[in-house]
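Asker: below are the sequence and a predicted model for it; my questions follow.
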Amino acid sequence: MKKALTIILIILIIAAVGVGIYYFFDKQEGGGTGSFNITNYFPFGKSPETPPTSPNNTGNGTGNTTGTGVGPNGEVLPTPQLWQISTDPQSGAVVFQTNDASSSTTAVRYLDRATGNVFESKLSVFGQKRISNTTIPKVYEALWLPKGNSLVLRYTSDDTDTIKSLYAKIVLPVKNVVVANATSTTSATSTEISTEINNGDVLAELQGTFLPANISSLSIEPTGGKIFYLTPGQLVGSTGFVANADGGSAIQIFDSPLREWLTSWPKAGTIALNTKPSGGILGYLYFIDSKTGKFEKVLGGINGLTTLVAPNGLEVLYSESGTSNTSFGVYTIKTALKQPLPLRTLPEKCVWSSRQESTIYCAVPKSMPSAKFPDAWYQGLVSFNDIVWKINISTGESEIVAEPVNLVEKEIDAINLILDQDEKYLVFTNKKNYQLWGLRISK
């Protein structure tokens, strides 16, 4: 009996050690080589899970508007310096121009996280309008093409951990045309979509094609013509492909034994790959030529490295994080010079100006507690109360643009910053609840 108990105890110990080893190696950040695990993707997690849908976002099929933007005497109400655009969590936004014969309007489109419906709002006046009626629940990431009339939706299957990526166009029904007992649809420009919906009760649809399953990271070329995506290797690692935006004509240009990468496409011809960051673990940034597949190291050997490459591909914002502190700076690729910046934040909370040389806008935390960054922030264990700053990376000069808590009495932890083409507005997501906000930055 004692012998049998001893054997059982030995088996349990061996099993526990095996599980512990698997868990340790599978959960390591910064580029592991283990099996595909969905929890390692969607960098900021999947919260809030199944967010409530407000009555304003359900609509009645006629393009409901949340807030009319009109005062009691019929006057148009302009937006203030800082305002909340979406009432519910959203998955991603795009800022674009709508043009007609007499004027140009800056607008934002975003995808409602709970329903997959597309909403549109002009940045100069209050109000949002639902423009699509295609329902795709729990979309955790929406990556928009720059013109605002197509996007890639990323979500998981209800019954599996499979990541689905859908390339979709916003299409309008063609009035009074019936083909095979179904209403025909047509592609349209962003201006045509806005005009048609504003002039009537029509709602657009999302129509498209699925990309390969389990894409771990996806980036869109600045012009919107191509995409780059990573899929898990057959056994370990990852494989990278360049394809048309709809997934057609895919060509493999990258293969790696590492499986955890963050990708971006900062400029034409240049794709950036950052090893998935974790505090205290060395990180690296590489460039890939999108045509030849040439692979070169840009920056590396930095603990907890996160980056944001400038649109000209010549400079890189970077942060270095240990187990209890974070530093922030800019790296000039040509001279290999690292220059610390006067404020402390993360590149994910910044955006490069395309109109003002050497200028960035960043959401800077009032304070950063002692924690393992960026891990604690990614996992939602730490949240920030930001001030928006404008920084000249050449001179180090900086100025406060806005302090949200003073303007709206709400703390904001800003991510996914977007500037409009005239740089009059800054649009961003509040990581605390994934609601979309607008900030007027022009004086």
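Answerer: Thanks, I have it. Numbering: from 1, shown residues only.

Asker: report pLDDT for the residue lying closest to residue 308 once chain neighbours are set aside.
Answerer: Closest residue to residue 308 apart from its sequence neighbours, by CB to CB, 6 or more residues apart in numbering: residue 347 at 3.7 Å. For the C-beta atoms, the positions are set from N, CA and C on the backbone; glycine is no exception. Note on residue 347: pLDDT of 98.

Asker: again with the one 5 residues further on
Answerer: What the model reports for residue 352 is a pLDDT of 98.

Asker: that one and residue 393, how far apart?
Answerer: Distance of residue 352 to residue 393, given as CB to CB, to the nearest Å: 9 Å.

Asker: residue 79 now?
Answerer: 29 Å.

Asker: which residue ranges of this protein form helices?
Answerer: Counting by DSSP state H, the chain has helices at residues 2-26, 55-58, 190-199, 375-378, 404-408.

Asker: return the distance of the last one from the chain's centre.
Answerer: Which is helix 404-408. With CA atoms, centre = their mean, to the nearest Å as the basis, helix 404-408 stands 24 Å off its chain's centre.

Asker: could you find the closest non-adjacent residue to residue 255?
Answerer: Using CB to CB, 6+ apart, the closest residue to residue 255 is residue 239 (5.3 Å).

Asker: who's in contact with residue 106?
Answerer: Counting by CB atoms under 8 Å, 6 or more residues apart in numbering, residue 106 makes contact with 95, 96, 97, 122, 123, 124, 420, 421, 422, 424, 425.

Asker: and the fifth one, how many neighbours?
Answerer: By other CB atoms under 10 Å, the residues close to residue 123 number 20.

Asker: roughly how far apart are residue 412 and residue 348?
Answerer: Taken as CB to CB, the span from residue 412 to residue 348 is 14 Å.

Asker: how about residue 300?
Answerer: 19 Å.

Asker: which one's more surrounded, these two?
Answerer: In this comparison of residue 300 against residue 348, neighbours counted by other CB under 10 Å, the higher total goes to residue 348 at 24 against 13.

Asker: next, count neighbours for the spatially closest residue to that one that is not a sequence neighbour.
Answerer: The shortest distance from residue 348 to any non-neighbouring residue, by CB to CB, 6+ apart, is to residue 415 (5.8 Å). Using other CB under 10 Å, the number of residues around residue 415 comes to 20.

Asker: from memory residue 390 sits against residue 359, does it?
Answerer: Yes. The pair residue 390 / residue 359 is scored as a contact, 6.7 Å apart, by CB atoms under 8 Å.

Asker: shared neighbours of these two, anything?
Answerer: Counting by CB under 8 Å, 6+ apart, nothing touches both residue 390 and residue 359.

Asker: now the contacts of residue 106 as TSV including distance to residue 218 and pLDDT?
Answerer: Shown next, in TSV, are the contacts of residue 106 (distance: CB to CB, whole Å; pLDDT from 0 to 100):
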residue	distance to residue 218	pLDDT
95	20	97
96	20	95
97	25	90
122	29	94
123	27	95
124	32	93
420	24	96
421	24	94
422	28	94
424	29	96
425	26	97
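
Asker: among these, which ones are buried?
Answerer: Among those, those scoring as buried are 95, 96, 122, 123, 124, 420, 425 (criterion: 16 or more other CB atoms under 10 Å).

Asker: how near is residue 170 to residue 439?
Answerer: On the measure of CB to CB, residue 170 and residue 439 end up 26 Å apart.

Asker: OK, contacts around residue 238?
Answerer: Counting by CB under 8 Å, 6+ apart, residue 238 touches 216, 230, 231, 232, 254, 255, 256, 258, 259, 261.

Asker: how about 6 Å then?
Answerer: Neighbouring residues of residue 238 by CB atoms under 6 Å, 6 or more residues apart in numbering: 230, 256, 259.

Asker: let's see which of those end up in strands.
Answerer: In this view, the contacts of residue 238 that belong to strands under DSSP state E are 230, 256.

Asker: for the contacts of residue 238, which one is nearest residue 244?
Answerer: Nearest to residue 244 out of these is residue 230 (CB to CB; 16.9 Å).

Asker: pretty sure that closest one is touching residue 240, no?
Answerer: Yes. With contact defined as CB atoms under 6 Å, residue 230 reaches residue 240; the gap is 5.2 Å.

Asker: returning to what we had before: nearest to residue 309 among the contacts of residue 238?
Answerer: Looking at these and their distance to residue 309, the nearest is residue 230, at 17.2 Å (CB to CB).

Asker: what about the closest one, distance to residue 266?
Answerer: Applying CB to CB, the value for residue 230 to residue 266 is 17 Å.

Asker: next one: residue 120
Answerer: Distance from residue 120 to residue 266, by CB to CB: 27 Å.

Asker: so which of the contacts of residue 238 wins on neighbours?
Answerer: Counting by other CB under 10 Å, top hit in those: residue 230 with 25 neighbours.

Asker: which ones are touching that one?
Answerer: Contacts for residue 230 (CB under 6 Å, 6+ apart) come out as 216, 217, 238, 240, 261.

Asker: burial check on the second one, number of neighbours?
Answerer: Neighbours of residue 217 under the rule other CB under 10 Å: 22.

Asker: next one, pLDDT for it please.
Answerer: The model reports residue 217 with a pLDDT of 97.

Asker: my read: it touches residue 263, true?
Answerer: Yes. Shown here, residue 217 and residue 263 form a contact pair, counting by CB under 6 Å, at 4.4 Å.

Asker: low-confidence ranges, the stretch 201-350 of the chain, go.
Answerer: Residues of the stretch 201-350 of the chain meeting the criterion pLDDT under 70: 201, 323-324.

Asker: residue 306 contacts residue 319, doesn't it?
Answerer: Yes. Residue 306 lies in contact with residue 319 (CB under 6 Å); the separation is 5.1 Å.

Asker: which neighbours do the two have in common?
Answerer: Residues touching both residue 306 and residue 319 (CB under 6 Å, 6+ apart) are 346, 347.
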